[in-house]
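Peer 1: Return a 3D structure for these sequence lines:
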Amino acid sequence: MKTGSDKQAALVIGAGDATGGAIAKRFAREGMIACATRRDAGKLQPLIDDIRNAGGQAFGFASDARKEEEVIKLVDDIERDIAPIDVMVFNIGANVPCSILEETARKYFKIWEMACFSAFLAGREVAKRMVTRGRGTIIFTGATAGLRGSANFAAFAGAKHAVRALAQSMARELGPRNIHVAHVVVDGAIDTAFIRDSFPERYALKEQDGILNPDHIADNYWHLHAQPRDAWTHELDLRPWIERW
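Peer 2: Next comes the predicted model:
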């Protein structure tokens, strides 16, 4: 069921309850069809309902971004049944701290699969479609760990460094083909239930604008997508004013 030839889809890989969901809502407000994914599609329903109740269009998809065949099918289904994917946001996290002395090969590999390999799969598949149309935006959510590896974050830092390199390589190859590839370094705690419950002292800084508001992150993602190509940003870092860096 095509929703209209003039429509464009915004695919958000990893549309969680905070940042990913806010990004999907932001792009839907601009008239794009939000296509949101999580491994458990049931968890997407509140987001889909919110977007539709606000007058936007949205669809949820259960998809394991680590599985090549699922990513290929996801992109094929959206392109065939909904609308051309004009923007893809890769927003899967994998922030699991562990001492290098205790890290297991299985968990290290799983973190790489989640944060890096799945980014490659999603980026490759949407790029194939965008190149044929001569336009598109691909945004990867990065982290401080992509710039420096802290103690107890060897697996996460390795994966995020790799995502940053992936974004750079794709930008240099695809930019001349009118595909805008950007990498966003999110440096700081985000207003999520996890931060609220696990780090109440950090969460208390919300009253001082000391943690990142997901809606404000989403505004910056839309800004990246809307930039004219004579002034594209490749890397953007977002942090609260009180964050040390």
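
Peer 1: Could you use CA atoms for every contact and neighbour count after this?
Peer 2: Fine.

Peer 1: show me what contacts the residue of the chain most remote from its centre?
Peer 2: The C-alpha centroid of the chain is most remote from Leu101, which lies 30.4 Å away (Cα atoms, centre = their mean). Residues near Leu101 by Cα atoms under 8 Å, 6 or more residues apart in numbering: none.

Peer 1: For the residue nearest to Trp241 when sequence neighbours are not counted, grab the count of nearby residues.
Peer 2: Distances taken as Cα to Cα, 6 or more residues apart in numbering place Gly210 nearest to Trp241, at 6.8 Å, with adjacent residues excluded. Using other Cα atoms under 10 Å, Gly210 is surrounded by 20 other residues.

Peer 1: wait, doesn't Gly210 sit right on Asp191?
Peer 2: No. Contact criterion Cα atoms under 8 Å: Gly210 and Asp191 do not qualify, at 9.6 Å.

Peer 1: And for whichever strand or helix holds Ile139, what's in contact with it?
Peer 2: For Ile139, the element it lies in under DSSP states H and E is strand 136-143. Under the contact criterion Cα under 8 Å, 6+ apart, strand 136-143 has outside partners 85-92, 119, 123, 130, 160, 163-164, 167, 178-187, 221, 225.

Peer 1: ranges for the strands of this protein?
Peer 2: 9-13, 33-38, 57-62, 85-90, 136-143, 179-186, 235-238 (DSSP state E).

Peer 1: so can I have CSV of those showing mean neighbour count and distance to Ile23?
Peer 2: Listed next are those as CSV, based on neighbours: other Cα atoms under 10 Å; distance: least, Cα to Cα, whole Å:
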stretch, mean neighbour count, distance to Ile23
strand 9-13, 27, 8
strand 33-38, 26, 9
strand 57-62, 20, 12
strand 85-90, 25, 8
strand 136-143, 24, 11
strand 179-186, 24, 13
strand 235-238, 15, 15
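
Peer 1: so can I have TSV of the ones you listed showing mean pLDDT and distance to Glu113?
Peer 2: Output for the strands of the chain, formatted as TSV (pLDDT from 0 to 100; distance: least, Cα to Cα, whole Å):
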stretch	mean pLDDT	distance to Glu113
strand 9-13	98	14
strand 33-38	97	15
strand 57-62	97	17
strand 85-90	98	13
strand 136-143	97	15
strand 179-186	98	18
strand 235-238	97	23
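
Peer 1: so can I have a markdown table of those strands showing distance to Glu68?
Peer 2: Below are those laid out as a markdown table (distance: least, Cα to Cα, whole Å):
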| stretch | distance to Glu68 |
| --- | --- |
| strand 9-13 | 14 |
| strand 33-38 | 15 |
| strand 57-62 | 14 |
| strand 85-90 | 15 |
| strand 136-143 | 18 |
| strand 179-186 | 21 |
| strand 235-238 | 27 |
